[in-house]
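Enquirer: Kindly generate the corresponding structure for this input.
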Amino acid sequence: MYSIGVNTWVWVSPLTDDDLARLAPRIAGWGFDVIELPVEQPGDWNPDKAATVLAEHGLAASVVLVMPPGRELVAACPETVRDTQDYLRHCVDVAVTVGSPMIGGPAYASVGRTWRLSPDERRAAYTELRQNLRPVLDHAAERGIKLAVEPLNRYETSLINTVEQALDALPEDCHLALDIYHMNIEEKDPAQAARAAAGRIAHVQVCGTDRGTPGADRFDWPRFTQALHDTGYDGPLVIESFTAHNQTIATAASIWRPLAESQDALAVDGLAYLRTL
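Expert: Model (predicted):
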């Protein structure tokens, strides 16, 4: 059985120490195994305090990186690239502190940045990405942390939308983070795409096809989770959704209405369904 997690974005953004102290006992009490911690800005929350809170409630951690405007690893000035690399290295250090085996997210370009790419331009962008990821990958490897890069849908990026593109773009020692929401849009067969990434999957985020409750949708969950099992993936399934009340994340993810009866219900009902798998 997979361990099941939930991202604090279901309730709040940005995460704070007080938010985590309030959410952790509830999340543990509902029966989750993992709590996912977004690093929107360094300093939003204290990793040492977070590690203590998680230990008190028996929760494991996963860490996700965030790429707002101004964080870029391709087609950007050298200073922006260096700042982004520094941020990603910080995320790695946070993961070490809270005990996450990985950091995951779209570590290539800011969410919402799209531009046309000819085949030659795409190849050049992927070459640049590999070069600019190298210092981050080395920093992560030295600390036993995996970098899991997430393909996003076509409305959020034009650089990496599919597993096939990710495998083409990324160095062999870089892993993938799969997100059901994006895969449902971009992959002709999400289960087959997962199989194609066998040996490279370090993290999986889940939600309904409308960004709502897993299982309250038309996605073929049994087939997809069987494919994950067949790849040997043994990490968590982490519910990632958002509250419509947060301006920054809700706008970036185009959350304009409630996606469940309540945010608590989205988490609890999603957990109950995922346990059936």
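Enquirer: residue farthest from the centroid of this protein?
Expert: D120 (28.6 Å; Cα atoms, centre = their mean).
Enquirer: and the gap between that one and V74?
Expert: 14 Å (Cβ to Cβ, to the nearest Å). Every residue, glycine included, has its C-beta placed from N, CA and C.
Enquirer: Please tell me how far G112 sits from P135.
Expert: 25 Å.
Enquirer: Over to G99?
Expert: 23 Å.
Enquirer: Just the element for the spatially closest residue to H90 that is not a sequence neighbour, please.
Expert: Nearest residue to H90, sequence neighbours excluded (Cβ to Cβ, 6 or more residues apart in numbering): P42, at 5.2 Å. For P42, there is no host helix or strand (DSSP states H and E).
Enquirer: circling back to that earlier point, A strand includes the residue farthest from the centre of the chain, no?
Expert: No - if the criterion is DSSP: H, G, I helix; E, B strand; the rest coil, then D120 is helix and not within a strand.
Enquirer: What are the boundaries of the strands in the stretch 1-150 of the chain?
Expert: For the stretch 1-150 of the chain, applying DSSP state E, counting those that start in this stretch gives strands covering 4-7, 34-39, 60-65, 102-105, 146-149.
Enquirer: any low-confidence regions in the stretch 51-200 of the chain?
Expert: Within the stretch 51-200 of the chain, no range satisfies pLDDT under 70.
Enquirer: And the helices in this structure, which stretches?
Expert: In the chain, the helices defined using DSSP state H lie at 17-30, 47-57, 78-98, 119-142, 163-169, 180-186, 190-196, 221-231, 247-252, 263-275.
Enquirer: Return the most buried member of the ones you listed.
Expert: Looking across the helices of the chain with neighbours counted as mean count of other Cβ atoms under 10 Å, the highest average goes to helix 180-186: a mean of 21.
Enquirer: From the contact counts, what lies against that one?
Expert: helix 190-196, strand 201-206 (3 or more Cβ pairs under 8 Å, 6 or more residues apart in numbering; DSSP states H and E).
Enquirer: and V81, which of these is closest to it?
Expert: strand 201-206 (23.2 Å; Cβ to Cβ).
Enquirer: if we can go back for a sec, using a markdown table, please lay out the strands of the stretch 1-150 of the chain together with distance to H90 and mean neighbour count.
Expert: Output for the strands of the stretch 1-150 of the chain, formatted as a markdown table (distance: least, Cβ to Cβ, whole Å; neighbours: other Cβ atoms under 10 Å):
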| stretch | distance to H90 | mean neighbour count |
| --- | --- | --- |
| strand 4-7 | 19 | 26 |
| strand 34-39 | 7 | 24 |
| strand 60-65 | 9 | 25 |
| strand 102-105 | 10 | 26 |
| strand 146-149 | 13 | 26 |
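Enquirer: now those strands in JSON lines, with distance to L176?
Expert: Formatted as JSON lines, these follow (distance: least, Cβ to Cβ, whole Å):
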{"stretch": "strand 4-7", "distance to L176": "17"}
{"stretch": "strand 34-39", "distance to L176": "16"}
{"stretch": "strand 60-65", "distance to L176": "14"}
{"stretch": "strand 102-105", "distance to L176": "9"}
{"stretch": "strand 146-149", "distance to L176": "6"}
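Enquirer: closest to D19 out of those strands?
Expert: When these are compared (using Cβ to Cβ), the closest one is strand 34-39, at 10.4 Å.
Enquirer: Mean confidence (pLDDT) on that closest one, please.
Expert: Here strand 34-39 scores 98 as its mean pLDDT.
Enquirer: what residues does it touch?
Expert: Under the contact criterion Cβ atoms under 8 Å, 6 or more residues apart in numbering, strand 34-39 has outside partners 3-9, 13-15, 20, 23-24, 27, 45, 50, 54, 59-66, 90-91, 94, 98, 100, 103, 205, 236, 238, 240.
Enquirer: Contact partners for V268?
Expert: W30.
Enquirer: per-residue confidence for it?
Expert: pLDDT at V268 comes out at 98.
Enquirer: From N7, how far off is the residue farthest from the centre of the chain?
Expert: D120 is 37 Å from N7, by Cβ to Cβ.
Enquirer: Quick check: the gap between the closest residue to G208 other than its chain neighbours and V92.
Expert: Nearest residue to G208 in three dimensions, chain neighbours excluded: D217, at 3.9 Å (Cβ to Cβ, 6+ apart). To V92, D217 is 34 Å away according to Cβ to Cβ.
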